[in-house]
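**Student:** below are the sequence and a predicted model; questions follow.
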Amino acid sequence: MAESAAQSILSLFLATCTASPQAPFLIAQDGSVLTYAAAFARSAQLAHAFRASGVQPGDRIAVQVEKSQTALLTYLAALQAGAVYLPLNTAYTIGEVRYFLGDAGPSLVLCRPDDEPAMAALCTDLGVSAWLTLDADGTGGTLINAAAGQPETFDSAPAAADGLAAILYTSGTTGRSKGAMLSHANLASNALTLREYWCFTAEDRLLHALPIFHTHGLFVATNVTIAAGAAMIFLPKFDADALVSLMPQASVLMGVPTFYTRLLTHTGFTRELAAGMRLFVSGSAPLSAETHKEFSALTGHAILERYGMTETNMNTSNPYDGLRKPGSVGFPLPGVAVRIADPETATVLPQGEIGGIEVKGPNVFGGYWQMPEKTAQEFRADGFFITGDLGFIDADGYVHIVGRAKDLIIAGGFNIYPAEVEAALDEIPGIAESAVIGVPHADMGEAVVAVVKSTDGALDQAAVLAALKDSLARFKQPRAVVFVEELPRNTMGKVQKALLRETYGTLFSQ
Ligand code: AMP
């Protein structure tokens, strides 16, 4: 059973600092270890630096820096200072950052040294009173100077369970990005649930190669590690060679599906190498059933796929013990209610029917920052959050995602779920991966277009369509098959379907 959600990530972190101060928290690529005690001391110094810059409890601290140990410690420092942590994707341009700072009104911005001139001008313009810098390896910058010599303890006030811990902006592929407000209880309850569900202990060594501006790397991986008093082998970025060389020291890998497709093509990734691992977790984007099966065949490990989002932390997971179904995201986590409802009428649908996935639980955020109307639109009256994903629950209780509601294709009045067509395409020998989109079509409203990455030069549209003839109803079959070198994916491995729709939107209207 998960412990009380009244705990916070900080209280879980402090518990290990007290009970096992010499336990490793972060292990660098060269093997050097930062213990829990050292991480506490360094984050306390950073918290003092924040205070000295004017940060008061409840203030937002916006952070756009490269991944490093110190960058991660700024999260713990913000929690110690009672501030609200606001990480920003390192790919955002200064123009995009203007929107986030203007919206969130932080009292401190932490940026890369090279960005300082532009960030300083922006802060002055927006009335943000302080900014500091941190370099890529986390050892230099004005933050480091400000933290030097500060006390190695910080007297934190206990966090209120419903107090704000972080604001994470959604990726905003449709419309403006929204700031999801996550409370201490949201984060702690999910971390404790996942610790139990995935059987984490202090012995675990998690290979961490995800970015830390997103819920997957910042919360799922880090918070579970903290809740278990475990350690992370902390890499600056995904690098298949580094994963292969460090895997013998690790017990768990958390990744996006591209980690797994890349590992599968790495000659050093073998059954023997994976033998010492306890768990491989995948999420943030659909893991194809094909990749799941190939991985099992090579390593003997069934990848554990789970489903979550910025607004909700984790909602469902395949079981630790028991069948991890390829193509499924598993069962609702303990304490999380998942239902499938008609997106228009909100009527709950019978088992097996496709509809909108709605969730409710202690993991679900409180709303969007300063957007009460948008927040109200995305919650049902009984408190369920409308995820915007479409899916169904099978006869065994496993949840399956068939795509985002906005990616649903309606051709000639029929609903076509991209995931179903993608699964059929992925089974065709020579297709490495695929993305299915709807594009405007004069006759049918929308037409199905398959964008595929092929490993077989001889494969052409006719061959793909012939292969689909018996596996998909006629109306679901693509009207065009486009071959690409790579599918456009964002840093979290999600295929950018909006971009594909832009690129191929005029295929049938020229
Ligand atoms: P983000 O807020 O960036 O984490 O994106 C959340 C979205 O990613 C969800 O609403 C889903 O559309 C998608 N997603 C996350 N995990 C999975 C998964 N295991 N399978 C399919 N889609 C997923």
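**Tutor:** Nice, I can see it. The model shown is predicted, which means the values in this text are computed figures rather than measured ones.
**Student:** show me which residues of the chain are close to the ligand?
**Tutor:** Contact residues (Cβ under 6 Å from any ligand atom) of the chain with the ligand: 170-171, 215, 283-286, 305, 307-310, 329, 387, 389, 401, 404, 492. Heads up, the C-betas are built off the backbone N, CA and C, glycines and all.
**Student:** could you pull out the strands for the stretch 251-400 of the chain?
**Tutor:** 252-255, 279-282, 304-309, 313-317, 331-332, 337-341, 355-360, 367-368, 385-393, 399-404 (DSSP state E, counting those that start in this stretch).
**Student:** of all those, which one is nearest residue 104?
**Tutor:** strand 367-368 (11.3 Å; Cβ to Cβ).
**Student:** given the closest one, what are its sheet partners and their directions?
**Tutor:** When sheet partners are counted by DSSP bridges, strand 367-368 sits next to strand 179-183 (antiparallel).
**Student:** who touches whichever helix or strand comes after the partner strand?
**Tutor:** Using DSSP states H and E, the next helix or strand after strand 179-183 towards the C-terminus is helix 184-197. With Cβ atoms under 8 Å, 6 or more residues apart in numbering as the test, helix 184-197 has contacts from 1-3, 5-12, 159-163, 165-166, 200, 219-220, 223-224, 226-228, 313-314, 317, 320, 333-336, 361-366.
**Student:** check the offset of the helix or strand that helix 184-197 is followed by from the chain's centre.
**Tutor:** Heading C-terminal from helix 184-197, the first helix or strand you meet, by DSSP H and E, is strand 205-208. Taking the mean of its C-alpha atoms, strand 205-208 sits 16 Å from the chain's own mean (Cα atoms, centre = their mean, to the nearest Å).
**Student:** try stretch 257-273
**Tutor:** That offset, for stretch 257-273, works out to 21 Å (Cα atoms, centre = their mean).
**Student:** for it, how far is the first residue from the last?
**Tutor:** 19 Å (Cα to Cα, to the nearest Å).
**Student:** show me which residues of it are buried.
**Tutor:** For stretch 257-273, the neighbour count (16 or more other Cβ atoms under 10 Å) marks 257-261, 263, 269, 273 as buried.
**Student:** show the average pLDDT along it.
**Tutor:** The average pLDDT for stretch 257-273 rounds to 96.
**Student:** same deal with stretch 122-135?
**Tutor:** 97.
**Student:** residues touching it, excluding its own?
**Tutor:** Residues contacting stretch 122-135 (Cβ under 8 Å, 6+ apart): 49, 53-55, 65-66, 68, 70-71, 74, 94, 97-98, 101-102, 105-113, 115-116, 119-120, 140-144, 146.
**Student:** before we move on, what about stretch 235-246?
**Tutor:** Contacts for stretch 235-246 (Cβ under 8 Å, 6+ apart): 29, 66-68, 136, 207-211, 233, 253, 255, 258-259, 262-263, 266, 268-269, 273.
**Student:** start and end of that stretch, how far apart?
**Tutor:** 10 Å.
**Student:** go on, stretch 250-258?
**Tutor:** First residue to last in stretch 250-258 (Cα to Cα) measures 19 Å.
**Student:** mind listing residues that contact that stretch?
**Tutor:** 198, 200, 203-210, 216-217, 220-221, 233, 238, 243, 247, 259, 276-288, 291, 489, 492-494.
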